[in-house]
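Participant: Sharing a model that was predicted from the sequence below.
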Amino acid sequence: MTVRIKNLSSGYKGGFHLKEINCRLYAGTITGIIGPNGSGKSTLLKTLAGYLPSENGDVIIKGRNLKNYRPKERGRLISFVSSEAYIKFPFTVEEIVLMGRNPYIKRLSSERPADYMKAAGALKLTGCAGFKNKKVTELSSGELKRVLISRAICQDAEIMALDEPAAHLDINFVKVIFKILAQLKNDKKTIVAVLHDLNLASLYCDNIIVLTKGEIFKNGAVNEVINKKVLSELYEEKISVDNVRGHRFVLPRPCMERRIK
Ligand code: ADP
Ligand code: MG
């Protein structure tokens with residue numbers, strides 16, 4: 001399902017504002033949002049997912065403005081994983097993941113066996129099944145991240161927006177999570193993720209949106225964006241982009257003294 005973002009702006013009183021963002025997110029693709037710290041990546045993601053009100057412009061999904069969807073409809077349409085979640089209440093892991101089913105449960109009804117099965121499936125995929133009865137207040141950052149991703153998987157929305165899904169994850173789970181996202185992409189989901197790791201962005205994204213100072217600096221396919229020319233305009237430090245065994249490999253330089261003999 002295509003998401004059309006038209007002249008979108010949002011921000012914080014007396015502070016940062018996004019400037020007229022125009023772009024599209026496509027079904028069956030992963031779009032990466034990259035850019036320097038503070039460039040507005042999280043602000044854009046929250047706004048397009050409906051978690052931060054827009055000031056101007058529109059997010060159009062299925063020909064309808066996101067603002068005009070009822071909350072439960074929106075929950076079936078789009079899931080959101082924030083970069084840093086702080087959950088105060090000691091819910092269990094399973095309870096948090098089951099919350100992903102709320103958009104499908106009628107008022108005054110409770111979860112059905114099928115909802116528990118969906119939650120169990122998501123927990124298994126992300127390697128969280130073994131601690132489903134643990135309190136979320138007692139998890140490591142990486143475990144919590146996987147739980148929040150599990151909730152989004154359990155929500156089974158057509159569009160998935162993830163803020164730094166790889167943050168806090170060990171290399172094994174980075175691969176696990178991106179394999180899941182690749183599978184969801186094959187299932188025609190529309191996936192958009194804020195990513196810091198340009199190598200991961202190169203490996204898994206189809207399109208990349210680069211933000212700087214609240215504006216789109218570049219938007220295109222991976223090869224059009226993750227190259228020496230664009231990155232040298234974007235970052236002050238020298239960055240190399242090499243071909244390593246057929247994959248794009250981005251590295252901050254210099255690191256010559258660390259060469260493997
Ligand atoms: P990024 O995700 O690209 O690092 P953000 O979108 O989080 O950047 O933030 C963009 C700018 O908005 C930053 O300068 C940040 O300090 C500011 N900002 C973020 N959240 C808030 C907030 N809740 N209130 C005021 N300013 C904020
Ligand atoms: Mg951010």
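Facilitator: Cool, the structure landed. Ligands and ions are numbered 1, 2, ... in the order given.
Participant: if I look at the spatially most central residue of the chain, how far off is ligand 2?
Facilitator: By CA atoms, centre = their mean, the chain has its centre lying nearest to residue 162, at 1.7 Å. Separation of residue 162 from ligand 2 (CB to the ion, to the nearest Å) stands at 11 Å. C-beta: built from backbone N, CA, C; applies to glycine.
Participant: Briefly note if the strand or helix carrying that residue comes near ligand 1.
Facilitator: Residue 162 is part of strand 159-163 when elements are defined by DSSP states H and E. No: counting by CB under 6 Å from any ligand atom, ligand 1 has no neighbours in strand 159-163; the shortest distance is 7.4 Å.
Participant: so what strands line up beside that strand?
Facilitator: With DSSP bridges as the test, strand 159-163 is paired with strand 78-81 (parallel), strand 190-194 (parallel).
Participant: how about JSON lines for those, with mean neighbour count and mean pLDDT added?
Facilitator: Converted to JSON lines, the strands paired with strand 159-163 look like this (neighbours: other CB atoms under 10 Å; pLDDT from 0 to 100):
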{"stretch": "strand 78-81", "mean neighbour count": "24", "mean pLDDT": "98"}
{"stretch": "strand 190-194", "mean neighbour count": "25", "mean pLDDT": "98"}
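Participant: picking that back up, the residue nearest to the centre of the chain bridge partners, please.
Facilitator: Beta-bridge partners, per DSSP bridges, of residue 162: residue 81, residue 193.
Participant: so who does it touch?
Facilitator: 45, 80-81, 149, 152, 181, 191-194 (CB atoms under 8 Å, 6 or more residues apart in numbering).
Participant: okay but residue 163 is in contact with residue 83, surely?
Facilitator: Yes: using CB atoms under 8 Å, residue 163 is in contact with residue 83, at 3.8 Å.
Participant: Other residues contacting stretch 134-151?
Facilitator: 79, 81-82, 85, 87-93, 96-97, 99-100, 119, 122-123, 125-128, 131, 162, 165, 167-170, 173, 177, 180.
Participant: circling back to that earlier point, would you mind putting the strands paired with strand 159-163 into JSON lines with distance to residue 13 alongside?
Facilitator: Converted to JSON lines, the strands paired with strand 159-163 look like this (distance: least, CB to CB, whole Å):
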{"stretch": "strand 78-81", "distance to residue 13": "22"}
{"stretch": "strand 190-194", "distance to residue 13": "23"}
